[in-house]
Structure formats: C-alpha cells, structure tokens
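S.K.: Predicted model and sequence below, questions to follow.
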Amino acid sequence: MKKKLVLIGNGMAGVWCVEQLLKLAPHKYDITVFGSEPHPNYNRILLSSVLAGDADMKDITLNDWAWYKDNDITLYAGQTVTKLDTTAKTVTTDQGLQVSYDDVIIATGSLPFMLPLPGADKEGVIAFRDIKDCETMMETAKKYKKAVVIGGGLLGIEAARGLLNLKMEVSVVHIYKYVMERQLDETASNMLRAELEQQGMKFLLEKGTDVITGKKRVSGLRFKDGSSVEADLVVMAVGIRPNIQLAKDAGVEINRGIVVDDFLETSIPHVYSVGECAEHRGVAYGLVAPLYEQGNILAKKLAGLDAGEGYQGSVVSTKLKVSGVNVFSAGDFVEKPGTRAVRVQDDFAGVYKKVVIKDGKVIGSVLFGDTSDGSRIFSMIRSEEDVTGKEREILLGSGGATKTGIDFVAAMPNDEIVCGCNGVSKATIVQAINEKGCASVNEIKACTKASGSCGGCKPLVADLLTYTLGADGVKTVKEGICGCTTHSRDEVVAAIREMHLTTSKEVMNVMEWGNPEGCSKCRPALNYYLGMAWPVEHEEERESRFVNERNHANIQHDGTYSVVPRIYGGVTTPKELMKIAEVAEKYNVPMVKFTGGQRIDLLGIKKEDLTSVWADLDMPSGYAYGKALRTVKTCVGNTFCRFGTQDAIQMGIDMEKKFERLNTPAKVKMAVSGCPRNCAESIIKDFGVVAIDGGWELYVGGNGGVKVRSAELLVKVKTNEEVLEWNGAFLQYYRENGRFNERTSDWIERIGVQSVRDALESKEVRLALVERIEKTLSLTVDPWKEIIEQERLSQILQPLKACESIPVEK
Ligand SMILES: Cc1cc2nc3c(=O)[nH]c(=O)nc-3n(C[C@H](O)[C@H](O)[C@H](O)COP(=O)(O)OP(=O)(O)OC[C@H]3O[C@@H](n4cnc5c(N)ncnc54)[C@H](O)[C@@H]3O)c2cc1C
Ligand SMILES: NC(=O)c1ccc[n+]([C@@H]2O[C@H](COP(=O)([O-])OP(=O)(O)OC[C@H]3O[C@@H](n4cnc5c(N)ncnc54)[C@H](O)[C@@H]3O)[C@@H](O)[C@H]2O)c1
Ligand code: SF4
Ligand code: FES
C-alpha cells in the first residue's frame, strides 16, 4: 500500500521537492498538496518580469492543473491548512477538510514584512509577494500616478522598475545611505542608483518612515526627519519573515524559521520542511537555488535513497532583474581584516568588478555593468578553488591559469547546476543540445527552463552551446541593442535612415521600445547613431551622454576632474609649457602628469574651476574623456632619428588636426612611427601608421588595453595625402558600421579586416566616405571655447553646472 504524503504550501520549493520525488520513487506515495493561493504552482521570481511587462501571467506557470492530474496528485488550491496535528498525523484546512498523512512537508514560504506603522492598514498599502499583489499594482497604475516603494532591496528595486514601466512616478524610500546594501558595496550601489535615476527612479535615502498619511486611501508618507512625500500607492519591500505559525502551533521547534536537520526533518518525526520557512544551521534562505538543493535532498530521503551527507547549506548569488542593468553579487563581498580584493573599474564602460579573496580562495564578488563572469566566479566560490598567484587573472583574464569561457564549461562536472533558479545541471543542458536538437539559448530555455528566470546563467548556457556544438553549430539569435528592445544595431540604424528619425524619442516610439525611457545602454547609443546619420538635423541630446562627456572633463574617483589640453602630435613649445605651468600653479593643481598618449594631464581640478582653467589655458580640448579621437602619438621620425624614413611628427600633427573633435562609436587612438621599429606603438592603435621606404603602411584594429590586439595591415600607400584619405575613409566607415561602444579591435575581430579592405578598395567609395566625414567635421566646435564664449557673451560668470549625482558611464 502507498504511503500518504501531504505537502503544505503549493509554492516553488515544496512542489520542486515533489517533482524530484516523483522522478526517484514515482509509486511510493499518494500525494496531497494544499495551497492558499488559487493557482497551480507558478514561478514567483517572474512576478517582477510580469510587472515590468517582460512576461505574461500565463508564462509563469511552472506546473499546470494537468500536471497534478497526470501525476495523481490531489491539489487543494485556495485552501489554507490551519492545523497540523502531529500526534493524530492529520492536517485540517480553513474549509474544514481533514487529511491524514504518513509524512508531511511544511513549505509555507515567507510572509512579507509589513512595517507596523500608523496608517499601514490604509487602502493602497501593499506588499509584493504574489499574483494578487502584482495585479493590484497593475490596476492601481491605470488610475493613479504616484508610487512609493519602501525598501531599496532586490524586491523594492524590481517593484519600482515595474511601476516605472507602468508609467507611474516612483520614489524608493530606503533606510540606509545606499541601496541594496545586503548585496552590493557602496561603489556598485552608487553606480546602480545613478543608472536607475537616469531611468526616472527617485531615491529618498536615509529616511525612516514615521506615518502613512491619508484618509481611507493612502496619500503619502511622513518621515522621522519631518519631510514627506506624496503617494497613491505604497509598496512595502523591507524583507520577509519565514511563515512559521502553523508549525509553531503544532509544537515543532522554531527559531527564526522551522528548525531542520541536514535531511530537512524537523524536531518531530515525519514532519519535514523545505523552502523559505525552513531554518538550516541558523540560516533561512530567500532565494530559490538553495531551496531546490534542499528539495533534492528531501526527495532522496523520502524516496528511501542514500542522501549522502545531507544538505550542507548554500552559498548564494543574486542577480537584479532590471532590463538594461547588470548587477551580480555572491558570497561574502565585504572586505574585512584578513581579506584582500581585486577591483576593476571602468567608468567609460560603466563597469565595476570586485572579487574578495581570503586564504587563497574567492569568498565573494560584486559585479556591475558586465556580469558575464558571474557564473564562473560563483563556481569558484562554491568549489573553494585555490587561486593563489592567479588572483588578478580572475577579473583580468590572461588566458592563463584560471579557466574562462569554453575551458571553464568544459571542466565543469556534469552534475553541476548551471541554472540555480531552475535547478538545471550541465548534463541536462548538454542532453537537450545533443538529444533534443537545441541550438540556441532560447531553445534551451524552452526545453529545460534554464536561463528563463533571472537570466544570470545565460552566458554559461551560451558557452555550453559553443562547447557542445562548436561556434558554427550555434544558431545566432538576434540580440537587441539593450534590454529595452529586441531590435539590433543594424535595424535601429536602418530605421533611423529610412524613416528619417532624428530624435531618440522618435526612435523609441516608432520601434516600440519596451522601456519608453530607454536605459543607459540605448540612450547614448541612439544619440550617437542619430548624430552619425544626421549630422546636421540631429540636435545633440546632452542628457543622454555620460557624465564625462556632458562635463567635457574626466571625473576622478574623488569627484575632482582632470584637464587634458590637446597637444598635436605630442609636440609642444616652451610658451605652451609655461602657460600650462602657470595654470597648474594658479589653481593649485595637485598633480601634473604626462599621459601615455604624449599629453599633459592636470589632475585634481575642482568642478567650479573647470571653466576658468580652460579659459586661462586657451588651448583646444584634448577630448580625453570622450568617445572621440583621443591622441595621435608620434615618434621623432626622420626629423631627428637616424632610422626614420618619413616625417612622422608632421604626419601625426596633420592627422590630429584633421580629425580632432570627431565623435566615434568608441574612443580612437592613433599613432605614427617613422620606421618599422615602431617607437610610437602604432601596432596597438585603432589606426596606426608606420613609415617604410617610399611610403607608409596603415594598420587598423589594434588595442593595448585589457585585451591586447595587434593591428592588421589595411593597405600600403605612398603619399601623405593618401594617408589622410585612407584615414578619413576608415574612420567614417567605422563610424557608420561599428556598434556604439565597440572599439575598432572588437569591430574588426567581428567583421574581419578583409571586409574593411574590400569596402575601402574603391577610390570612389573612399572619397564619398571622406566627403561625409568632412561634413561632420565642419560642424564640430571646441566645447570649452563654446562654453567660455557663451559666458563672455552673457557676461554672467556662472560656475559650471555639472551633474550633481555621478551618473554611470558606458
Ligand atoms: C517578486 C519576487 C521576485 C523574486 N525574484 C527572485 C529571483 O530573481 N531569484 C531568486 O532566487 N528568488 C527570487 N525571489 C524569491 C523566491 O521567489 C522565493 O525564494 C521562493 O518563491 C520561495 O519558495 P517557497 O516555496 O519557499 O515559498 P513560496 O513560493 O512563497 O510558496 C509558499 C506557498 O505556500 C502557501 N502557503 C503558506 N501557508 C500555507 C498554508 N498554511 N496552507 C496552504 N498553503 C500555504 C503560500 O500561499 C505560497 O503559495 C523573488 C520573490 C519575489 C516575491
Ligand atoms: N533578483 C532577486 O534575486 C530577487 C528579487 C526580488 C526578491 N528577492 C528575494 O525576495 C526576498 C524579499 O526581498 P526584499 O528586497 O524585500 O528583502 P531584503 O531583506 O533583501 O531587502 C529589504 C531592504 O529594505 C531595507 N529596509 C528595511 N527596513 C526599512 C525601512 N523601514 N525603510 C526603508 N527601507 C528599509 C533594508 O535596508 C533592505 O535593503 C528576499 O529574500 C530577496 O532575496 C530576490
Ligand atoms: S620608430 Fe623608427 S624613426 Fe621613429 S624613433 Fe623609432 S627608430 Fe626612430
Ligand atoms: S540562474 Fe537564474 S535563470 Fe538561470
């Protein structure tokens, strides 16, 4: 005779456990499931995506009604178990139904914590936990305008983003000085906040709520410091509490959660618990991956199989589900005595990465902007791999000892979980590829659910595809330029040209952007594409630019700026040097430094001094901050060097004078060397010129940064005029075809240098490109000259209005 198993709680953890049990011992139990919600088991994680409009209610069902039927499970949806009698071994529901059991699993999840504030019972004050809350928010947004979310954690920020998408004005009230302090350090948190502010979210930090105001319905919040904010809707997202009352009333041992041992058994025999309600070794988890691990162990135990050492606890990782924002956090990411950290921060790309290391092991990590290393780093944390001596390679990747990409997935054990949100292992994904013919990330998602929830495992799934099928076997799926749209760069640029779209708003409307405000990825990209396509009609959208470009200066980590005047070809004069020295003294510039591009950098300038520093210098801007031509480095060439065959200095000066102020998809560095000894390092520049006997070799696509790449030969030419012609044609071709933020090294790697050679081969094409670049160049003005001129004209000496917050650079 079959034993009777009762599951209390029809949520993600409990049903997962039952699913695993059915796989291991399909005929052992008669199973009865009780769930308070009137739905079959659904993916709670995806409620954020439903609210944000990225998923439909119907997409989030995990086990439909038929699944319960097909597996002979009796489901009582919409019934709450109100009594558990562990002596009589029965459960009783709010509708008077009584069912007996041999084994019972309590999987009642959590309850959202509602701050016990005066006014918390008013209409319009809700939590964000279930389908009902999600529907309430969507309905409220149709009638009301102002939403306030209390709590700037994962849930609060995902709720706020969803409400923005529903066209509400949203403020996030947070008690601490920076948001998501449980997942991020201050640097990453500030970058996140800046990005979300750009998307229209407002933040009220270090605010303790005192009262929720309003009559029947909420009208606002009053804070302990006396300030207030208006609100038609208040969403509380200040954490969760394990739902333990039923177990407590039944005499089961309780601490914060329901206390369980390594086999998920409670203090009372035959009573088990998994999920957010369970407390294992003092920890009650709030993410699905550990809950699934618990479910796997309990399923083995109930099936009568060897569950090994049992559940040993989990290290968790999180990923914020907000489109266009990549945030990852795992393990113990706060530096403490005895730990050391490797940090990489690129303000231009809006990327921040940190790994914390203790005793030679990675114990935690925070990634912002680029989370593609997340799964790999998370795996290192879990495996406690010894990284001594290769700490820096974890983030800087040198093809050395720490495995990356394909090597990493190849070395993964088959049973390792790739997708924590859906409990999908490497073996299951490889099987889906080999046996079910899945050839894209989307097909794997449809087949196994992997990558369908938080999306954090997508890069790993993609690597597994390439590893299993080889690069040629993987179906390339069209990727939108950012999470706001499914349209690719080429589609966007084609629409801009064909429909004569001249503003970002037009592009977003016509191309039906999912997120009508855009994000930090698409806004600057659109601004660039529009300016490139319509240099005359398009009006620069300054607010879309990153802080450095808006301020025409390079912000430093202490909030001061650096000033780099242009010094053509790296050639200066005593007079110019004296002027720079005078300015440095006058403004107490803390550091004067030569740059790698043969310029002089005045570091540590105060924001309010920028305009007068530039006025006193009276030199052109070196664009050291922009996606533009930066520098043309030169060697002394035949002017002084005995090996030189051409005048490298003059060539470099001519190139720099011709193309200065040019906007490009990403920064461009150029160099001219007077002979193949290459002292100006032309071979690692975007456009490198090397003198040879009787002419010049032109190289493209070099890079001396994190990913070093040797430039490839584009063409050999004879005259200086030809150098300028090819230089102009190449830059314009890159401007018209490169993706925003794509360096020439990545672009050429992607399209192949031969395609560039083919495109520029025809003189006619080259001249047409040159004509277009000349047109653009004729419209450029020096930003500081313009600012100074405007100030002179209006005769008002206003301090520079730089951005008060520190927006994220991309
Ligand atoms: C909006 C949102 C987004 C999230 N995003 C992520 C994410 O990206 N990644 C991640 O890992 N986690 C995320 N989480 C957390 C994740 O959803 C939970 O960790 C997970 O759902 C918990 O599973 P559970 O089964 O323990 O509890 P639940 O899913 O809450 O299930 C418990 C069920 O039991 C029912 N129940 C309670 N008491 C009784 C009773 N007495 N009788 C009958 N039924 C009862 C409840 O109604 C509920 O349906 C998110 C949560 C929310 C709310
Ligand atoms: N992407 C994801 O992984 C994801 C998304 C949503 C929810 N979740 C999970 O759901 C659960 C609930 O999320 P959460 O964000 O509510 O929990 P949380 O505990 O992670 O965050 C709550 C936040 O509210 C703040 N807070 C506390 N009291 C406050 C007050 N009086 N005023 C203002 N702020 C206050 C805290 O400082 C904290 O940052 C968590 O377990 C979370 O992991 C995960
Ligand atoms: S590259 Fe050649 S010409 Fe230029 S400095 Fe070096 S050796 Fe001299
Ligand atoms: S890890 Fe979240 S979807 Fe795979």
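M.R.: Ah, there it is. Given the structure is predicted, the values throughout are model-derived calculations rather than measurements. Ligands and ions are numbered 1, 2, ... in the order given.

S.K.: Could you use CA atoms for every contact and neighbour count after this?
M.R.: Noted.

S.K.: pLDDT of the helix or strand residue 241 falls within, averaged?
M.R.: Secondary structure from DSSP states H and E places residue 241 in strand 240-242. Mean pLDDT, computed over strand 240-242, is 97.

S.K.: Mind checking the pLDDT average for the following helix or strand past that strand?
M.R.: Counting by DSSP H and E, the element after strand 240-242 in chain order, helix or strand, is helix 245-249. Helix 245-249 comes out with an average pLDDT of 98.

S.K.: same check, this time on stretch 538-556
M.R.: 68.

S.K.: Same question for stretch 282-297.
M.R.: 96.

S.K.: Could you do stretch 588-601 as well?
M.R.: 94.

S.K.: With just CA atoms, put it into CSV.
M.R.: Extracted C-alpha coordinates of stretch 588-601, given in CSV (Å, rounded to 0.1, in the frame of the first residue of the first chain):
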residue,chain,number,x,y,z
ASN,A,588,46.9,74.5,-7.0
VAL,A,589,46.7,71.5,-9.3
PRO,A,590,47.8,68.6,-7.1
MET,A,591,49.3,66.6,-9.9
VAL,A,592,50.7,67.3,-13.4
LYS,A,593,51.4,64.2,-15.3
PHE,A,594,52.4,63.1,-18.8
THR,A,595,49.9,60.7,-20.3
GLY,A,596,50.6,57.6,-22.3
GLY,A,597,49.4,59.5,-25.4
GLN,A,598,52.1,62.2,-25.0
ARG,A,599,49.9,64.8,-23.5
ILE,A,600,49.9,66.7,-20.1
ASP,A,601,47.2,65.9,-17.6
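
S.K.: residues in contact with it?
M.R.: 562-567, 569-570, 584, 602-605, 631-633 (CA atoms under 8 Å, 6 or more residues apart in numbering).

S.K.: ok but residue 190 is inside a helix, no?
M.R.: Yes: secondary structure assignment (DSSP: H, G, I helix; E, B strand; the rest coil) places residue 190 inside a helix.

S.K.: And it, how far from ligand 3?
M.R.: Per CA to the nearest ligand atom, to the nearest Å, residue 190 is found 44 Å from ligand 3.

S.K.: ok, that residue - how many residues close by?
M.R.: Other residues near residue 190 number 20, with proximity taken as other CA atoms under 10 Å.

S.K.: Equivalent analysis for residue 595, please.
M.R.: There are 11 residues near residue 595, going by other CA under 10 Å.

S.K.: Equivalent analysis for residue 428, please.
M.R.: Considering only other CA under 10 Å, residue 428 is surrounded by 20 other residues.

S.K.: how many neighbours does the closest residue to it other than its chain neighbours have?
M.R.: Distance criterion CA to CA, 6 or more residues apart in numbering; nearest residue to residue 428, sequence neighbours excluded, is residue 448 at 7.5 Å. Counted with other CA under 10 Å, the neighbours of residue 448 add up to 20.

S.K.: and which of the contacts of stretch 588-601 is nearest ligand 3?
M.R.: Ranked by distance to ligand 3 (CA to the nearest ligand atom), the contacts of stretch 588-601 are led by residue 633 at 10.9 Å.

S.K.: Return the set of residues that bridge with that closest one.
M.R.: On the basis of DSSP bridges, residue 633 takes part in beta bridges with residue 671.

S.K.: Which residue does the stretch 451-600 of the chain have closest to ligand 1?
M.R.: For the stretch 451-600 of the chain, the residue closest to ligand 1 is residue 454, as judged by CA to the nearest ligand atom, at 4.8 Å.

S.K.: and the gap between residue 488 and residue 246?
M.R.: Remark: distance between residue 488 and residue 246 (CA to CA, to the nearest Å) = 52 Å.

S.K.: What of residue 194?
M.R.: 43 Å.

S.K.: The strand holding residue 241 pairs with which strands?
M.R.: Strand 240-242 is paired, per DSSP bridges, with strand 110-112 (antiparallel).

S.K.: Not counting its own residues, what contacts the partner strand?
M.R.: 127-129, 237-243, 276-277.

S.K.: contacting residues around residue 685?
M.R.: 668-671, 700-704, 711.

S.K.: for residue 358, that is, sorry about that
M.R.: 338-340.

S.K.: How much space separates it from ligand 3?
M.R.: 46 Å.

S.K.: And residue 85, by the same measure?
M.R.: For residue 85, the distance to ligand 3 equals 87 Å [CA to the nearest ligand atom].
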